[in-house]
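[1] sequence first, predicted coordinates after that:
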Amino acid sequence: MPLFSKNRILSTFCIALSLAVTMCAAPVFGQGGGKTPTGIQKEEKREPLEFTFPTPDGTQVKAAELRGKVTVLFFTAKGMPLLRESVRQLRGVAERNPRINVLLVMTNSQRAKDQSYLSDAELKEWRDTQSLPIPVVRDPNGDILFRRLGMTVLPSAVVLTKDGKLAAAREGIDPNVKLADQLRPEIEKADPDR
């Protein structure tokens, strides 16, 4: 007598096929307008982000000072291959969106022996040569906010709503698309009344 009969093999095959079809037809998590196989995906309650960025001038920029406007935080560091182009394009974001806050956030090392080290004097000198219309602040080693948000790629951008809540985080940028165009959907989402 065979170990598996034709009926048992056929029955097992039909069950496996039925499961495969069911899995393929089920919505993929994160798609389908927030619906998941277990119901409606609820948006988690977000609290306003709290942070205090030091500036190379010895002052500070606090999260509370930025509230009331959508804010774009652009994270980068000394020595990044796209730094010059990113700064040029970030200027374009500020010019196209005069009603929002745009900050350039440097995440450089605080240890002088590190390759990405940038002293306050060096950062001020660099900032002044760029004629930036936006504030330059520090997130030393990414410890104030960048890492807290679980981000790992530079350059990256974060968009905050008017009340300081995280609207979007974009890790990396596409060098073939204008930064203003890349951030437009996130900015519009953060401030639909613009």
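    Received, thanks. Numbers count the residues shown, from 1 in each chain.
[2] so where's this structure uncertain?
    Applying pLDDT under 70 to the chain flags the ranges 1-45, 194.
[3] 80 - rerun?
    1-46, 192-194 (pLDDT under 80).
[4] quick check, central residue of it?
    Centroid-nearest residue in the chain, with Cα atoms, centre = their mean: residue 169, separated by 2.0 Å.
[5] and what about it, helix, strand or coil?
    Using DSSP: H, G, I helix; E, B strand; the rest coil, the secondary structure recorded for residue 169 is strand.
[6] and if you look at residue 53?
    strand.
[7] ok, the residue nearest to the centre of the chain touching residue 149?
    Yes. The criterion here is Cβ atoms under 8 Å, and residue 169 meets it with residue 149 at 5.9 Å. Where you see a C-beta, it was placed from the backbone N, CA and C, and this is true even at glycine.
[8] what do the two both touch?
    Residues touching both residue 169 and residue 149 (Cβ atoms under 8 Å, 6 or more residues apart in numbering): residue 158.
[9] quick revisit: contact partners for the residue nearest to the centre of the chain?
    Applying Cβ under 8 Å, 6+ apart, the residues contacting residue 169 are 149, 151, 156-159.
[10] redo the residues you listed as CSV? Include distance to residue 60.
    Putting the contacts of residue 169 into CSV (distance: Cβ to Cβ, whole Å) gives the following:
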residue, distance to residue 60
149, 19
151, 21
156, 22
157, 21
158, 18
159, 22
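[11] what's the most distant pair in the residues you listed?
    Farthest-apart pair in these is 151 and 159; separation 12.9 Å (Cβ to Cβ).
[12] so for those two, which sits in the more crowded spot?
    residue 159 (22 against 19; other Cβ atoms under 10 Å).
[13] if I look at the residue nearest to the centre of the chain, how far off is residue 111?
    According to Cβ to Cβ, to the nearest Å, residue 169 and residue 111 sit 27 Å apart.
[14] again, but for residue 121
    Taking Cβ to Cβ, one finds residue 121 at 16 Å from residue 111.
[15] buried residues in stretch 92-106, which are they?
    Buried residues in stretch 92-106, defined by neighbour count with 16 or more other Cβ atoms under 10 Å: 93-94, 97, 100-106.
[16] among those residues, which lie within helices?
    The members of those that map onto helices under DSSP state H are 93-94.
[17] can you put the buried residues of stretch 92-106 in TSV and add distance to residue 55?
    As requested, these are exported to TSV (distance: Cβ to Cβ, whole Å):
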residue	distance to residue 55
93	20
94	17
97	22
100	19
101	14
102	15
103	10
104	11
105	11
106	10
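[18] all set, thanks.
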